[in-house]
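A.B. asks: Next input, structure requested:
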Amino acid sequence: MRPLLRADVVACARALLAAPCWSAAFADILARAAEADRWRRAEGRLHPRFGDGSLEAATQGLAKVPEPAQGDRQYCACLAFIYRRLAGTVDNPS
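C.D. replies: Numbering: from 1, shown residues only. From the prediction side, this is the model:
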């Protein structure tokens, strides 16, 4: 997976908020990003369906809600869910 940017987390949250099960949707998005990143490294070009290996590109084609206000409780819970999950999957440099 590519290094994370704010846009990646926002796109992921928008997709999760449109999904019936956050855990399943997040696992699918991570799998798409990983597949695309492997493809990009091996082939030297973007994955035909999942893009460049970023979370944002991995959400392309998925249903998404409009970005909620920063104080929206459900959005905050979703962001917290994403960051907790990412903390367990992304290498920590410290």
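
A.B. asks: Can you pull out the low-pLDDT segments for the chain?
C.D. replies: Scanning the chain for pLDDT under 70 picks out the ranges 89-94.

A.B. asks: one more time with 90, if that's ok
C.D. replies: 1-3, 87-94 (pLDDT under 90).

A.B. asks: residue contacts, L55?
C.D. replies: By C-beta atoms under 8 Å, 6 or more residues apart in numbering, the contact set of L55 is 1-2, 4, 8-9, 11-12, 29-30, 33. Every C-beta, even on glycine, is put in place using the N, C-alpha and C of the backbone.

A.B. asks: Not counting sequence-adjacent ones, nearest residue to it?
C.D. replies: D8 (3.7 Å; C-beta to C-beta, 6 or more residues apart in numbering).

A.B. asks: Can you report how many residues lie near that neighbour?
C.D. replies: Number of residues near D8 (other C-beta atoms under 10 Å) recorded here: 22.

A.B. asks: Which other helices and strands does the one helix or strand it maps to contact?
C.D. replies: Secondary structure from DSSP states H and E places D8 in helix 6-18. Counting contacts by 3 or more C-beta pairs under 8 Å, 6 or more residues apart in numbering; DSSP states H and E, helix 6-18 is packed against helix 22-43, helix 55-58, helix 73-87.
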